[in-house]
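Participant: Sequence first, then the predicted structure:
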Amino acid sequence: MARKKIVAGNWKMNLSPRKAEKFTKEMRSVINTDNVEVVMCVPFVYLTMVQEILDGTKIKIGAQNMHYADEGAYTGEISGKMLSRMKVPYVIVGHSERREYFAETDTTVNIKALKALSHGLIPIICIGETLKQREFERTFEVISKQLAIAIHDMSEEDIAKIVIAYEPIWAIGTGKTATKEQAEEVCAAIREQLRTQYGDIADSVRILYGGSVNEKNANELFNMPNIDGGLVGGASLKPSFEKVVHYQ
Ligand code: PGA
């Protein structure tokens, strides 16, 4: 089954309102592809503006996080329900920076992902090992556990919708990309784990690689059999994001 590639940009906490507007307009005029689903995950405060600029294009928007409660006394939080009502189709869940700085755990990632799905959002679920874990040859064990908990209680229907982003933490923002073989090996293991649990639905799940993806390495990474595109941080803020999207 052919899986449509996804290139998702993750702006993180970057760009002024003016720069965000200018950059989005620039991307709108240069990105044009039917082969790749392009998603721009922007700060909450820019979602509406970016959505309006991209209206009528094929580029979609996404949030970078959400809360699992629908509403209530959670000062400063944004719920999946709100995102869904604002017609935001994608949401990143469990990015390693959220795990590291905001105490997210595999369990909260699971609760958020289930809640996102219940509101019709597509969660981009991030998993990845630290450098130490890789050096101690624990990568597969760590990834397998993170994945198992993240997808706990998901139905076959849910699994067909989710996107998984394999992001080795040592490759994020470091300029140190995993080799295409390293990335493929883990993405293939992720798919195998999904297959063991859910059968052939595993073939329709999009598994992305993230970690210092840029216009130079996108082509070789995204052409690996089990890598269905990328989650792109630093390079999603540059004009060359267009080249990452048109990697072929
Ligand atoms: P990077 O970030 O491309 O800057 O390494 C990737 C990410 O954090 O999703």
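Facilitator: Thanks, I have the structure now. Numbering: from 1, shown residues only.

Participant: Show me what Gly230 is bridged to.
Facilitator: Beta bridges link Gly230 to Val7, Tyr209, judged by DSSP bridges.

Participant: contacting residues for Trp11?
Facilitator: Ala20, Met40, Cys41, Val42, Pro43, Tyr46, Gln64, Ser236, Leu237 (C-beta atoms under 8 Å, 6 or more residues apart in numbering). From N, CA and C alone the C-beta is placed, and that goes for glycine too.

Participant: Can you add pLDDT, neighbour count and secondary structure and give the residues you listed back as TSV?
Facilitator: Formatted as TSV, the contacts of Trp11 follow (pLDDT from 0 to 100; neighbours: other C-beta atoms under 10 Å; DSSP: H, G, I helix; E, B strand; the rest coil):
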residue	pLDDT	neighbour count	secondary structure
Ala20	98	21	helix
Met40	98	28	strand
Cys41	98	27	strand
Val42	98	27	coil
Pro43	98	16	coil
Tyr46	98	19	helix
Gln64	98	22	coil
Ser236	98	27	helix
Leu237	98	18	helix
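
Participant: Would you reformat the residues you listed as CSV and include distance to Met27?
Facilitator: Below are those laid out as CSV (distance: C-beta to C-beta, whole Å):
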residue, distance to Met27
Ala20, 11
Met40, 7
Cys41, 13
Val42, 11
Pro43, 16
Tyr46, 13
Gln64, 17
Ser236, 9
Leu237, 10
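
Participant: where's the residue with the largest distance to the centre of the chain relative to the ligand, distance?
Facilitator: Most distant residue from the mean C-alpha position of the chain: Ala73, 27.8 Å away (C-alpha atoms, centre = their mean). Plainly put, Ala73 is 30 Å away from the ligand if you go by C-beta to the nearest ligand atom, to the nearest Å.

Participant: helix, strand or coil for that residue?
Facilitator: Following DSSP: H, G, I helix; E, B strand; the rest coil, Ala73 is assigned to coil.

Participant: The chain should start at 207 in everything you say after this.
Facilitator: In the new count, where the first residue is 207, that last one comes out as Ala279.

Participant: Give me the local confidence score for it.
Facilitator: Note on Ala279: pLDDT of 98.

Participant: Helices along this protein, start to end?
Facilitator: 223-236, 253-260, 286-291, 302-307, 312-324, 337-341, 345-356, 362-367, 386-404, 424-428, 447-451 (DSSP state H).

Participant: hmm, back to that, ok, the residue farthest from the centre of the chain to Val251 distance?
Facilitator: Counting by C-beta to C-beta, to the nearest Å, the gap from Ala279 to Val251 is 21 Å.

Participant: Where does this structure get nearest to the ligand, residue-wise?
Facilitator: Residue nearest to the ligand within the chain: Gly439 (2.2 Å; C-beta to the nearest ligand atom).

Participant: Can you tell me which of the helices of the chain is nearest to Trp376?
Facilitator: helix 337-341 (3.8 Å; C-beta to C-beta).

Participant: what's the most buried one of the helices of the chain?
Facilitator: Comparing those by mean neighbour count (mean count of other C-beta atoms under 10 Å), helix 447-451 comes out on top with a mean of 22.

Participant: which bits of the protein sit near the ligand?
Facilitator: Contact residues (C-beta under 6 Å from any ligand atom) of the chain with the ligand: 216, 373, 378-379, 416-419, 437-441.

Participant: Filter those residues down to the buried ones and hand me the ChimeraX line.
Facilitator: Here is the ChimeraX command that selects the buried residues among the residues of the chain next to the ligand (16 or more other C-beta atoms under 10 Å):
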select :216,373,378,416,417,418,419,437,438,439,440,441
